[in-house]
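**Student:** Using only what follows, build the 3D model:
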Amino acid sequence: MKKQNTQLKDFLARVKQLRGFGDMNSYRVVNEFKELSNDKDQNIKHIIEDFSNPATYYNGKNRLIKEVEDQINND
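**Tutor:** Residues are numbered from 1 along each chain as shown. Predicted coordinates for the structure are as follows:
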């Protein structure tokens, strides 16, 4: 658990560094989140949809940050 918690904290730092719509790292971090987390595919689908639109990009980023923080706090 501690190792995963450390991985999630490192991951969270990378998520917070995402620059905005068009940052190809956005999709990379979502795929990495799928591997690190036990999150439901539905939540990940919403995050990907938000990342694909400039008007909702920051909603997706904030949702992803919240999901990661929730998992850190639950461990």
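
**Student:** Now do Gln7: how many residues are near it, please.
**Tutor:** A count of nearby residues for Gln7, using other CB atoms under 10 Å, gives 14. In short, each C-beta sits where N, CA and C put it, glycine included.

**Student:** Could you list which residues are in contact with the nearest residue to it once chain neighbours are set aside?
**Tutor:** Excluding the flanking residues, the one nearest Gln7 by CB to CB, 6 or more residues apart in numbering is Leu36, at 6.0 Å. By CB atoms under 8 Å, 6 or more residues apart in numbering, the contact set of Leu36 is 4, 7-8, 11.

**Student:** Check which helices and strands the one helix or strand Gln7 maps to sits against.
**Tutor:** Element membership of Gln7, judged by DSSP states H and E, is helix 2-16. On a contact count with 3 or more CB pairs under 8 Å, 6 or more residues apart in numbering; DSSP states H and E, helix 2-16 meets helix 25-36, helix 57-74.

**Student:** Can you lay out these as JSON lines showing distance to Ile47 and mean pLDDT?
**Tutor:** Formatted as JSON lines, the helices and strands packed on helix 2-16 follow (distance: least, CB to CB, whole Å; pLDDT from 0 to 100):
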{"stretch": "helix 25-36", "distance to Ile47": "6", "mean pLDDT": "81"}
{"stretch": "helix 57-74", "distance to Ile47": "5", "mean pLDDT": "88"}
